[in-house]
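Peer 1: Sequence plus predicted model, see below.
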Amino acid sequence: MTVRIGIIGAGIMGTDHARTLQRSVSGATVTAVADPVQDRARAVAVETGARCFSSAEELIASPFVDAVLIASHDSAHAEQVIGCLEHRKPVLCEKPLAPTVRECQDLVDRQNAITGGIPLISVGFMRRFHPGYRELKARLEEGVVGQALMVLSSHRNVTTSPGGDSASTITNSGIHEIDITAWLLNSAIESVSWHAPRTTALDSSRQDPQVLHLRTADGVLTSVDVFLNARYGYDVRCEVVGETGTVELARPHLTTTSRGLTESRSYAADWRPVFADAYRLQSQAWIDALISGTRPPLATAEDALAATRVAQALVASMNSGGATITINHPQPTVEGSSAGGKLERTPTHVR
Ligand SMILES: NC(=O)c1ccc[n+]([C@@H]2O[C@H](COP(=O)([O-])OP(=O)(O)OC[C@H]3O[C@@H](n4cnc5c(N)ncnc54)[C@H](O)[C@@H]3O)[C@@H](O)[C@H]2O)c1
């Protein structure tokens with residue numbers, strides 16, 4: 001059986017997902033692409049043999065599309081996910097599910113009303129599939145460093161794309177750190193505070209870097225710097241300090257060069273080579289679940305709602321000059337979701 005995928009948004013991520021699905025994921029074929037910039041849609045369509053659609057709505061409704069991958073602008077996600085729910089089509093939506101808590105809550109409620117809780121929505125928090133993060137989580141669960149006490153993380157990009165601001169640093173980039181921290185520690189984030197060092201002179205559109213403090217229900221404190229104009233390379237770091245030692249993600253260097261009595265390491269320019277395995281494994285897990293009619297082991301709409309709630313609290317902290325904000329998670333977000341990493345395969349009828 002082959003799942004026919006429609007891709008909405010043929011920019012950096014849509015193109016990357018389309019190539020991965022077409023070349024490296026078994027059981028999937030890309031049959032449709034839509035993007036308001038027709039040349040982009042056409043380029044992906046030519047490469048994959050898919051049809052071009054002039055609108056997302058038309059693509060979602062097409063009988064040639066079994067499931068949809070959304071890689072459009074963050075602001076378009078909610079409306080397009082609603083379209084997929086109305087057509088009862090499984091959807092893998094890039095993060096964030098939607099920029100606001102109100103929109104994410106609406107999507108969770110609509111999914112419950114339409115499917116009775118059967119998850120049609122999966123969300124692209126792909127770090128959960130990165131072999132490094134998975135091994136780090138396994139080491140922690142084995143107890144090799146005793147109980148986790150604190151986490152020190154970094155999220156550094158070379159430069160920002162135009163159009164963002166200080167809040168979108170949190171809602172678009174920092175949200176990866178929010179999701180992966182709760183998932184790694186198997187504990188919901190209960191309070192946050194936002195901090196700003198001196199800002200770089202190289203970007204006047206936002207405070208950069210920012211330091212986010214996240215306290216999970218288990219009492220672990222995470223400090224993460226999000227620095228989007230770090231210039232030197234794409235760099236993601238994560239060290240968990242436990243009672244008897246530390247476990248750290250291996251640094252994402254592509255090569256190490258030794259010459260002239262010096263050793264030097266190269267960085268990727270962006271996230272794609274660093275997380276290529278994670279995108280592939282996430283897509284394969286999604287397709288496998290659709291084919292077998294089981295619950296996709298990806299981040300759920302509820303996980304995405306929890307992450308957006310934390311991001312919104314960080315924006316509130318930022319706007320108040322760094323106050324500590326407590327987050328009210330109304331539902332058991334860890335046990336009731338996949339944030340705990342339980343990849344159970346509950347039978348569902350998603351198709
Ligand atoms: N998981 C990750 O690691 C990761 C990394 C980067 C970006 N993202 C997310 O992926 C999504 C796409 O990011 P990108 O870097 O590819 O951006 P991009 O700007 O390169 O591509 C977005 C594309 O969506 C199209 N688009 C805009 N509005 C649309 C609409 N209403 N309908 C259909 N297409 C529309 C644009 O024309 C553009 O081609 C964003 O939501 C972003 O947050 C995720």
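Peer 2: Cool, got the structure.

Peer 1: contacting residues for the residue nearest to Asp16 when sequence neighbours are not counted?
Peer 2: Once flanking residues are discounted, Asp16 sits nearest to Arg272: 5.7 Å by CB to CB, 6 or more residues apart in numbering. To be clear about C-beta, it is placed using only N, CA and C from the backbone, and glycine gets the same treatment. Applying CB atoms under 8 Å, 6 or more residues apart in numbering, we find Arg272 in contact with 12, 16, 279.

Peer 1: out of those, who has the most neighbours?
Peer 2: Neighbour count (other CB atoms under 10 Å) singles out Tyr279 as the most crowded of the contacts of Arg272, with 23 neighbours.

Peer 1: helix or strand right after the helix or strand where it lies?
Peer 2: Using DSSP states H and E, Tyr279 sits within helix 276-292. On the C-terminal side of helix 276-292, the nearest following helix or strand under DSSP H and E is strand 299-300.

Peer 1: low-confidence ranges in the stretch 101-250 of the chain?
Peer 2: Applying pLDDT under 70 to the stretch 101-250 of the chain picks out no residues at all.

Peer 1: ok, 90 please
Peer 2: 116-118, 161-163 (pLDDT under 90).

Peer 1: Flag every residue of it that's near the ligand.
Peer 2: By CB under 6 Å from any ligand atom, the part of the stretch 101-250 of the chain that sits against the ligand consists of 124, 126, 172.

Peer 1: closest point of this protein to the ligand, which residue?
Peer 2: As assessed by CB to the nearest ligand atom, the ligand sits closest to Gly11 within the chain, at 1.8 Å.

Peer 1: right, and that residue touches Ala41 too?
Peer 2: No: counting by CB atoms under 8 Å, Gly11 stays clear of Ala41, with 10.2 Å between them.

Peer 1: Do a quick rundown of the helices in the stretch 151-300 of the chain.
Peer 2: 166-168, 175-185, 271-274, 276-292 (DSSP state H, counting those that start in this stretch).

Peer 1: circling back to that earlier point, looking at Gly11 and Ala41, which one has more neighbours?
Peer 2: Set Gly11 next to Ala41 and count neighbours by other CB under 10 Å: Ala41 wins out with 25 against 15.

Peer 1: Quick check: nearest residue in space to the more buried one, chain neighbours excluded?
Peer 2: Asp35 (4.0 Å).

Peer 1: residue contacts, that neighbour?
Peer 2: By CB under 8 Å, 6+ apart, the residues touching Asp35 are 8-11, 14, 41, 44, 72.

Peer 1: so which two of those are the farthest from each other?
Peer 2: Val44 and Ser72 (13.0 Å; CB to CB).

Peer 1: who touches both of the two?
Peer 2: With CB under 8 Å, 6+ apart as the test, Val44 and Ser72 both reach 14, 35.

Peer 1: mind giving me the domain split of the chain?
Peer 2: Domain ranges of the chain: 3-127+276-299, 131-273, per automatic domain parsing.

Peer 1: Give me the neighbour count for Pro296.
Peer 2: Using other CB under 10 Å, Pro296 has 25 neighbouring residues.

Peer 1: and the spatially closest residue to it that is not a sequence neighbour, how many residues sit next to it?
Peer 2: With sequence-adjacent residues excluded and distances taken as CB to CB, 6+ apart, Pro296 is closest to Ala289, at 4.0 Å. As a burial measure, Ala289 scores 21 neighbours (other CB under 10 Å).

Peer 1: do Thr246 as well
Peer 2: 13.

Peer 1: Repeat that for Arg88.
Peer 2: Around Arg88 there are 12 residues (other CB under 10 Å).

Peer 1: for Ala32, same thing?
Peer 2: The local packing of Ala32 (other CB under 10 Å) involves 24 other residues.
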